[in-house]
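S.K.: what follows is a predicted protein model with its sequence.
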Amino acid sequence: MAKTFKVNVVTGQGGGGHYATYRAIEAIAQQRNLPWKLQVTDMDEIITGLSQAGEIQNAYETFGFSGHDLYNLMVKGGRTRLWPLKMRLNKFLVEITYQTGLRTFTEHWRKYEPDLVVSVMPLYNKGLYESLQIAQPGTPYVTVLTDFADCPPAFWFDLEAENTLVCGTDRAVEQARSLQIPPNRIVKSSGLVIHPDFSQQAPISEPARIIQRQALDLEAQTPTGIVMFGGNGSRTMLDIAKRLEPLADQIQLIFVCGNNADIAEALSAYSGPQKRAVVGFVDDMANYMRLSDFFIGKPGNVSVSEALAMGLPIITECALTTMSQEKYCAQWVKNNGMGIVVSSFKQVRSAVVEMIQPAKYQRFKQKVSAFDNQAVFEVAELLENILLESILKKDSSAPSSLGLNSPTSAPIPESVPETAQGTERVSTVV
């Protein structure tokens, strides 16, 4: 009789990268027909629940909004100068509520009894790991970084949490080692985990590309940039549109505004000669990237990784206002020759002029094409191995009872219900 594994993914609502990584894990589990029942632990929902129950005092709610709402408002409004202050406040709040969190999550894990916990969140990993070991000793805990580097230091990494750390860059590996984290806890992946759609999209034919561009009221052959600022958009997108108007006869743009209806409306209403398509939140981001030739946007770690997987050279910014966890992403793009990094999006026009020069574009394109991000497949295999090893420790007869043929293959027998095949999402809000 086959076993179904409860895999609990810890995520949050600040920005779009955490849930994008969760959806990538969900998708690969479904594709590979893995015997996983996915559970979601949303840290922001739990913090809100604790505050409403009077268990903790949430400093942000004094001002009428949650911490993740403040983060998303900062990004939408381009007010990211506040981020270092918010980050320090977050760390302080975690420290002073540590014992409450430990008690809460000990009961949380006892209730949901996960076989494996996968965190795609920074900051909370020590307490989550310790509470898991109190509730269910020996249950494996894996942290998958959604950033190119740990910034500020010890934001993702904690020596006291004996978790497995999945690092998508050499820099992150070096940082983990510098904190004296044992090498057997550090796993280097070939990039950040992104949805398999971005790796598996077949190249679009030229006739199909022409038809789809025309459906967006765009020219068939004009160089096309896709402009993105994460799942919540940003008012900077309107400024970029205005600054690129003088290039209206050379390029056209696709603006993906996410959940930011205000900026989508402003871009749609803005008159000018620039050919542009404006869309809100989309489920088929990979397809919009297939219609594009280059990427313009903030150095969001996951968004940049998705664009690179789709073969798009990058134009991004590294400024004083760039959030600290995104600065290394911009530096990485520059160091690896995969695009142009400006000190301000006020320079976006000159960056685009440089990007569309045929010789320059081809050099960027070659660098991008050589980058092969297979992290989502690597992490799926890693999690399969960790689950199998965990079960083998508990039960020496596990291979015959689980129906697993090898550490890297976990097929689901026909007798297992569909809801056990990675398709069921269990909201675990306290």
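M.R.: Great, that's in hand.

S.K.: give me the domain ranges for the protein.
M.R.: Per automatic domain parsing, the domain ranges recorded for the chain read 5-194+374-427, 202-370.

S.K.: would you single out the least confident of those domains?
M.R.: The stretch with the lowest mean pLDDT among those is domain 5-194+374-427, at a mean of 80.

S.K.: chain center to that domain, what's the gap?
M.R.: From the chain centre to the centre of domain 5-194+374-427 is a distance of 12 Å (CA atoms, centre = their mean, to the nearest Å).

S.K.: next: stretch 297-310.
M.R.: The chain centroid and the centroid of stretch 297-310 are separated by 9 Å under CA atoms, centre = their mean.

S.K.: mean neighbour count added to the domains of the chain, as CSV?
M.R.: Every C-beta, even on glycine, is put in place using the N, C-alpha and C of the backbone. Converted to CSV, those look like this (neighbours: other CB atoms under 10 Å):
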stretch, mean neighbour count
domain 5-194+374-427, 18
domain 202-370, 19
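
S.K.: all the strands of the protein, in order from the start?
M.R.: Here the chain has its strands, by DSSP state E, at 5-11, 36-42, 116-119, 141-144, 164-167, 186-188, 224-228, 252-256, 276-279, 294-297, 314-317, 339-342, 426-427.

S.K.: rebuild those as a markdown table, extending it with distance to residue 217.
M.R.: Listed next are the strands of the chain as a markdown table, based on distance: least, CB to CB, whole Å:
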| stretch | distance to residue 217 |
| --- | --- |
| strand 5-11 | 36 |
| strand 36-42 | 38 |
| strand 116-119 | 42 |
| strand 141-144 | 39 |
| strand 164-167 | 42 |
| strand 186-188 | 44 |
| strand 224-228 | 12 |
| strand 252-256 | 9 |
| strand 276-279 | 6 |
| strand 294-297 | 19 |
| strand 314-317 | 23 |
| strand 339-342 | 27 |
| strand 426-427 | 39 |
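
S.K.: what's the closest of those strands to residue 285?
M.R.: In terms of CB to CB, the element of these nearest to residue 285 is strand 252-256, at 7.0 Å.

S.K.: same for that closest one, what does it pack against?
M.R.: strand 224-228, helix 236-243, strand 276-279, helix 285-290 (3 or more CB pairs under 8 Å, 6 or more residues apart in numbering; DSSP states H and E).

S.K.: for the stretch 301-430 of the chain, which segments count as helices?
M.R.: If DSSP state H, counting those that start in this stretch is used as the criterion, the helices of the stretch 301-430 of the chain fall at 301-309, 324-335, 348-355, 358-370, 375-394, 398-402.

S.K.: can you say which of these is nearest to residue 259?
M.R.: Closest approach to residue 259 among these is made by helix 301-309 (14.2 Å; CB to CB).

S.K.: what is the closest one packed up against?
M.R.: Using 3+ CB pairs under 8 Å, 6+ apart, helix 301-309 sits against helix 17-31, helix 197-200, strand 224-228, helix 285-290, strand 294-297, strand 314-317, helix 324-335.
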